[in-house]
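Q: Provide a 3D model corresponding to the input given below.
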Amino acid sequence: VEVTVDPSLRESGSPAPPADPRAITIELKGELNLIGRTSQSRAIYPEIPLDTDDAVSHRHALLSRDPGGKVTLRDIGSANGTRLNGREVQPLTDIVLHDGDELTLGHWTRLAIKAIR
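A: The predicted model follows:
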């Protein structure tokens, strides 16, 4: 998963995005990978931490990976929703992802799915 800050996603009233727009690549190592913001007080430590975007829920979404490499997205009831390739995702619905799919969430966060087998 490649995580980027995309200032073009910012809406009126949203805070300014971080100044460093470099992409970060995160390898999905486990079967379940939480997308969200870290909370030490609530013991939430996402595999895909999006701590700079406060419109991302602490427990925002899950990326599940099966042994064959198939990756599935599930928005787990996030406050501000998740979009897949520009379309709003229904909460608690599993969607199979493909290489090149893009998720947008929060104020200005974009996740690109890379090299799914």
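
Q: From now on I want contacts and neighbour counts done on CA atoms only, so please keep to that.
A: OK.

Q: any weak-confidence spans in this protein?
A: Within the chain, the ranges that satisfy pLDDT under 70 run 116-117.

Q: Please, where are all the helices along it?
A: Taking DSSP state H as the criterion, the chain carries no helices.

Q: Quick check, central residue of it?
A: In the chain, the residue lying closest to the centroid (C-alpha atoms, centre = their mean) is Ile35, at 5.1 Å.

Q: Quick check: that residue touching Asp51?
A: No - counting by C-alpha atoms under 8 Å, no contact exists between Ile35 and Asp51, whose distance comes to 10.1 Å.

Q: List the buried residues for stretch 36-51?
A: When neighbours are counted by 16 or more other C-alpha atoms under 10 Å, the buried residues of stretch 36-51 are found to be Gly36, Arg37, Thr38, Tyr45, Pro46, Glu47, Ile48, Pro49, Leu50.

Q: From those residues, pick the one nearest Arg10.
A: When the buried residues of stretch 36-51 are compared for distance to Arg10 (C-alpha to C-alpha), Leu50 comes out closest, at 15.4 Å.

Q: what residues are up against the closest one?
A: By C-alpha atoms under 8 Å, 6 or more residues apart in numbering, Leu50 lies in contact with Ile35, Gly36, Arg37, Thr38, Val56.

Q: Include distance to Thr104 when you put these into JSON lines, please.
A: Formatted as JSON lines, the contacts of Leu50 follow (distance: C-alpha to C-alpha, whole Å):
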{"residue": "Ile35", "distance to Thr104": "12"}
{"residue": "Gly36", "distance to Thr104": "13"}
{"residue": "Arg37", "distance to Thr104": "15"}
{"residue": "Thr38", "distance to Thr104": "18"}
{"residue": "Val56", "distance to Thr104": "10"}
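
Q: now, among those, which is nearest to Asp75?
A: Ile35 (9.2 Å).

Q: for that closest one, which residues make a bridge with it?
A: Ile48, Ala61 (DSSP bridges).

Q: and the gap between it and Thr72?
A: The spacing between Ile35 and Thr72, counted by C-alpha to C-alpha, to the nearest Å, is 13 Å.
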